[in-house]
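[1] Task: produce atomic coordinates for the following.
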Amino acid sequence: MRYISTRGGIEPIGFKEVVMMGLARDGGLLLPQTLPSIDRAKLNAWRNLPYQYLALEVLSLFVDDIPRLDLDALVEQSYSNFSHPQITPVRKVGDVYVMELFHGPTLAFKDIALQLLGNIFEYILASSGGFMNIIGATSGDTGSAAIYGVRGKKGINIFILHPDGRTSPIQALQMTTVLDPNVFNIAVRGTFDDAQAIVKEIFGDLEFKDKLHLGAINSINWARVLAQVVYYIYGYCKLWKTGFQSVDFSVPTGNFGDIFAGFVAKRLLPDGCINRLILATNENDILTRFVGNGDYSTAGSVTPTSSPSMDIQIASNFERYLYYLHGEDGARVNADMETFAETGRLDLAEYQQKVAVDFVSRSVSEQETITTIAEVYARDNYLLDPHSAVGVKAALELADKERPVICLATAHPAKFGDAVKKAIGRDVELPPALADLENRESRCEIMDADVGKVKKYVQQHALA
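    As a prediction, this is how the structure comes out:
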């Protein structure tokens, strides 16, 4: 399996190099040169596999430069500290199915990919005797999951940028209370988009990137997307065993990474297994506007909501889908991304019929989010976090009644206690992993959204 850039500017490379490169050297995102396919016979052989065994089979389609026994060990290690034996259990909740993706160490879906990515980083560095400095931006859950994925690991320092005051208090504490000497938190005065732009600019400085051996943990890293593909296939197999031949998925998303993993899974599986992907956004609706009328454009400032991980105007993984929209034409993607950087807008209306085959979309308001949490709790005795509620609301309105819909529950409700309390009128009981966060020592640097200042700080504290 070889990998290329969405912008067509690099020679094909192997999986391990993809992991360490993060962002392609031409500024694009890395993708398989060709996507494999899974036929019905293979899928039938897989459908009763435990999660870890299925993960090994799916990953093996894309990874041929790590021996299978080593990959098996990495998968087992990555999911050994999840609190549910099924890793991503599926539950019937009223008229929908809910896939719980929050049973990892930081109680968010990002653990599924970042526990694996951290272990792959360590494995590659151990074999090469090298080091790396990871830098990433987070709108909430990515940061803590990345930190927990690499804390204390030899040969790795990690620098996480988050928007100061724009994550939930628990999300911030999960990051800043990790005091391992290889962990550095930076709170940026600004939005997630500001933090993400700084990270992309730093990776664009190839001399700086090479000197410090920079690595990426954001979903620009293909390994993260690949790890998430697994749970779509697992979810499909769960319902297939009960007699359903086709399912929809509802995905709350802001950065397009999680739903792009669903798009890849849809392409891998036989036709019709995954029928449609319901793309659910909050009031920051750039992706809904794209699906609805082909308008991919920023719309002024980010609107703060109770689902902060989706408070995003520029979806960094959208470029991967754009590559497929453009018929895998890297030159057109490169031209479009230059246009978007200059104007903040792409007119993609010509692709509306093609997009409609894969996606439908709904933007969910803040009030609808809170109401959905309250109604699902009252009706089904099931508690959703705000992000998951966005996905459930969109599913209830857009799902095809002829087939079941699996809603991705992306975080434990206790991580967003204020919003949940507003919905149900009482505090959420904190699980042990969160119970004493407020009493722990915290460490964080607060600085302006200035790439020069961030680079200086990283250089001062980086491994070299």
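[2] Show me the helices in the stretch 351-464 of the chain, by range?
    Applying DSSP state H, counting those that start in this stretch to the stretch 351-464 of the chain gives helices spanning 352-358, 366-380, 386-398, 417-424, 432-435, 451-461.
[3] Which among those is found nearest to residue 46?
    helix 352-358 (22.9 Å; Cβ to Cβ). For glycine as for every other residue, the C-beta is placed from the backbone atoms N, C-alpha and C.
[4] okay, now residue 241: neighbour count?
    10 (other Cβ atoms under 10 Å).
[5] now do residue 177
    19.
[6] Next: residue 244.
    If we define neighbours as other Cβ under 10 Å, then residue 244 has 14 of them.
[7] which one is it nearest to, not counting chain neighbours?
    Spatial nearest neighbour of residue 244, chain neighbours left out: residue 404 (5.5 Å); criterion: Cβ to Cβ, 6 or more residues apart in numbering.
[8] any idea how far the one you found lies from residue 7?
    According to Cβ to Cβ, to the nearest Å, residue 404 and residue 7 sit 38 Å apart.
[9] what about these two, which has more around it?
    More neighbours surround residue 7 than the other of residue 404 and residue 7, with 23 against 18 (other Cβ under 10 Å).
[10] Hmm, the more buried one is touching residue 334, no?
    Yes. Counting by Cβ atoms under 8 Å, residue 7 touches residue 334, with 4.1 Å between them.
[11] Find residues that contact each of the two.
    Contact criterion Cβ atoms under 8 Å, 6 or more residues apart in numbering; residues shared by residue 7 and residue 334: 26, 28.
[12] For the helix or strand encompassing residue 228, what does the pLDDT average out to?
    Assigned by DSSP states H and E, residue 228 falls within helix 222-240. For helix 222-240, mean pLDDT is 97.
[13] counting contacts, what elements does that helix pack onto?
    Under the contact definition 3 or more Cβ pairs under 8 Å, 6 or more residues apart in numbering; DSSP states H and E, helix 222-240 sits against helix 15-21, helix 40-46, helix 51-60, strand 90-93, strand 96-100, helix 110-128, strand 247-252, helix 257-268.
[14] Deepest-packed of the ones you listed, please.
    Neighbour counts (mean count of other Cβ atoms under 10 Å) averaged over each of the helices and strands packed on helix 222-240 peak at strand 247-252, with a mean of 28.
[15] What pairs with it, parallel or antiparallel?
    Take DSSP bridges as the rule and strand 247-252 pairs in its sheet with strand 274-281 (parallel), strand 405-409 (parallel).
[16] and those, which is most packed in?
    strand 405-409 (a mean of 28).
[17] Could you list the residues in contact with that one?
    90, 93, 96-102, 109, 235, 239, 247-252, 258, 278, 384-385, 388, 391-392, 395, 399.
[18] what's the answer for stretch 337-355, then?
    7, 27-28, 290-291, 293-298, 319, 322, 325, 336.
[19] how close does residue 89 sit to residue 236?
    Noted for residue 89: a distance of 14 Å to residue 236, by Cβ to Cβ.
[20] Between the two, point out the one with more neighbours.
    Using other Cβ under 10 Å as the criterion, residue 89 and residue 236 rank with residue 236 on top: 24 against 17.
[21] In contact with the more buried one, which residues?
    By Cβ under 8 Å, 6+ apart, the contact set of residue 236 is 247, 265, 269, 273, 274.
[22] Over to residue 246?
    Applying Cβ under 8 Å, 6+ apart, the residues contacting residue 246 are 272, 273, 274, 275, 403.
[23] tell me, how many neighbours does the last one end up with?
    Using other Cβ under 10 Å, residue 403 is surrounded by 16 other residues.
[24] Ok, the second one next?
    Using other Cβ under 10 Å as the criterion, residue 273 is surrounded by 22 other residues.
[25] That one and residue 247 touch, don't they?
    Yes. The pair residue 273 and residue 247 passes the contact test of Cβ under 8 Å, sitting 7.4 Å apart.
[26] Residue ranges of each domain in this structure, please.
    Following automatic domain parsing, one gets these domains for the chain: 3-79+108-221+440-461, 90-107+223-424.
[27] Just send these back as TSV, with distance to residue 431 too.
    Below are the domains of the chain laid out as TSV (distance: least, Cβ to Cβ, whole Å):
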stretch	distance to residue 431
domain 3-79+108-221+440-461	11
domain 90-107+223-424	6
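[28] Identify the spatial nearest neighbour of residue 117, chain neighbours not counted.
    Leaving aside its chain neighbours, residue 117 sits nearest to residue 223 (5.1 Å; criterion: Cβ to Cβ, 6+ apart).
[29] which residue packs closest to residue 308, ignoring adjacent ones?
    residue 140 (5.0 Å).
[30] right, and the one you found touches residue 305 too?
    No. Here residue 140 does not reach residue 305: they are 11.2 Å apart, not a contact under Cβ under 8 Å.
[31] okay, these two: which has more neighbours?
    Legend: neighbour count by other Cβ under 10 Å for residue 140 and residue 305, higher for residue 140 (31 against 21).
[32] ok now do that one, which residues does it touch?
    Taking Cβ under 8 Å, 6+ apart as the contact definition, residue 140 lies against 108, 162, 167, 168, 171, 308, 309.
[33] For it, grab phi and psi.
    With angles defined as degrees, to the nearest 10, residue 140 sits at phi 170, psi -80.
[34] For the lowest-mean-pLDDT helix or strand in the chain, give me every contacting residue.
    Using mean pLDDT, DSSP states H and E, helix 432-435 stands out as the lowest-scoring helix or strand of the chain, at a mean of 89. With Cβ under 8 Å, 6+ apart as the test, helix 432-435 has contacts from 105, 106, 107, 170, 174, 414, 415.
[35] Is the fifth one within a helix or a strand, and which one?
    It refers to residue 174. helix 169-176.
[36] Could you pull out the buried residues of that helix?
    170, 171, 172, 173, 174, 175, 176 (16 or more other Cβ atoms under 10 Å).
[37] From residue 99, how far off is the fifth one?
    When Cβ to Cβ is the yardstick, residue 174 and residue 99 sit 22 Å from each other.
[38] now do the first one
    Taken as Cβ to Cβ, the spacing of residue 170 relative to residue 99 amounts to 22 Å.
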